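Colleague: fold the following, please.
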Amino acid sequence: MTDLPKGYQLRYLTEVDSTNEEARRMAAAHETIPTWIIADRQTAGRGRRGRAWQSPVGNLMTTLYLPIGFDAVKAGQLAFVAGLALERTVSSLIGSHATVSLKWPNDVLVDGKKASGILLESAMRDNKIDWVAIGLGLNLAHHPDDTPYPATSLAVYTDAPPGNLAALQILAQAFDDVLRQWRNGGFGPVLKAWRAVAHGLGGPIVARLENETFEGIFKDIDDKGALLLQTETGDIQTIDAGDVFFPDRD
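Modeller: Numbering: from 1, shown residues only. So this is what the prediction gives:
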């Protein structure tokens, strides 16, 4: 049995369409207990911008359902809480065998290769976010080979990658630790820790938005979590959402 931090319950499923969809169903049923939902297999897993997320048995597919009211700004900060928790989970599992970093806005990279993804979804009620679903996928045993970016799994760096429930136990504790830090100290300490493991900070970067592309130097992440890109002319572009690439790495 997986031990979770106090205040959370576990919903374990052998198969589901997606753990985020299960969170939506829990919200529709007015479930009030924060819940880690985990499935051995997803039949319709998805990532950011509606992209399909491969979900083979042996990897971690989980969603944290938080039936807690947030304002929109604070809900967005949870992506950084989740990313930092996932980075710490991966670091604890592979030790010094590789370099673990965070690619803005929320991917964990191992030696520069993508090992995870995070998808936040929510719903509004009375002009306030009523609940949040934080979907997290981590490549434990398998990784795709047909992606436009390098991908990897923890199996590459460990003799025996953990099972999904064992990985969840570590992740749930790491998330609770960062969440408490965020609640007690605000976004500042979380952002400072995030910057310390940010991939490519200070180097060349390409940010592809829906209708335009910017190239320049990854200068920083501002106090709202946006990426600051300095162009050749010295102008600072504030990137709130988009796909980023590192020309000397990707």
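Colleague: can we go C-alpha only for contacts and neighbour counts from here?
Modeller: Noted.
Colleague: could you measure from Val108 over to Phe70?
Modeller: Val108 is 25 Å from Phe70, where distance means Cα to Cα, to the nearest Å.
Colleague: I figured Val190 was touching Trp182, is that so?
Modeller: Yes: between Val190 and Trp182 there is a contact at 6.3 Å, judged by Cα atoms under 8 Å.
Colleague: mind listing the shared neighbours of these two?
Modeller: Val81 (Cα atoms under 8 Å, 6 or more residues apart in numbering).
Colleague: so for Val108 and Phe70, which residue has more residues nearby?
Modeller: Val108 (29 against 17; other Cα atoms under 10 Å).
Colleague: in its sheet, what does the helix or strand where that one lies sit against?
Modeller: Remark: Val108 resides in strand 107-110, with elements defined by DSSP states H and E. Here strand 107-110 has these sheet partners by DSSP bridges: strand 100-103 (antiparallel), strand 113-114 (antiparallel).
Colleague: tell me which other helices or strands the helix or strand just after the last one touches.
Modeller: Past strand 113-114, further along toward the C-terminus, the next helix or strand under DSSP H and E is strand 116-125. If you count contacts as 3 or more Cα pairs under 8 Å, 6 or more residues apart in numbering; DSSP states H and E, strand 116-125 packs onto helix 72-94, strand 107-110, strand 128-138.
Colleague: dump the second one to PDB, keeping only the CA atoms.
Modeller: As requested, C-alpha coordinates have been extracted for strand 107-110 and formatted as PDB (Å, rounded to 0.1, in the frame of the first residue of the first chain):
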ATOM      1  CA  ASP A 107       9.200  19.600 -18.300                       C
ATOM      2  CA  VAL A 108      11.800  17.600 -16.400                       C
ATOM      3  CA  LEU A 109      14.900  16.900 -18.400                       C
ATOM      4  CA  VAL A 110      17.500  14.200 -17.700                       C
END
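Colleague: give me the contact list for that strand.
Modeller: 83, 86-87, 98-103, 114-118, 152, 199.
Colleague: just give me how far that strand sits from the chain centre.
Modeller: 9 Å (Cα atoms, centre = their mean, to the nearest Å).
Colleague: can you give me the mean pLDDT across that strand?
Modeller: For strand 107-110, the mean per-residue pLDDT is 95.
Colleague: quick check: pLDDT value at the nearest residue to Gly7 once chain neighbours are set aside.
Modeller: Take Gly7 and drop its neighbours on the chain: the residue closest to it by Cα to Cα, 6 or more residues apart in numbering is Pro34, 7.0 Å away. Looking at Pro34, its pLDDT is 97.
Colleague: hmm, Pro34 is touching Thr63, no?
Modeller: No: using Cα under 8 Å, Pro34 is not in contact with Thr63; the gap is 10.5 Å.
Colleague: contacts only, for the nearest residue to Glu31 once chain neighbours are set aside.
Modeller: The shortest distance from Glu31 to any non-neighbouring residue, by Cα to Cα, 6+ apart, is to Pro67 (7.3 Å). Applying Cα under 8 Å, 6+ apart, we find Pro67 in contact with 27, 31-34, 130-132.
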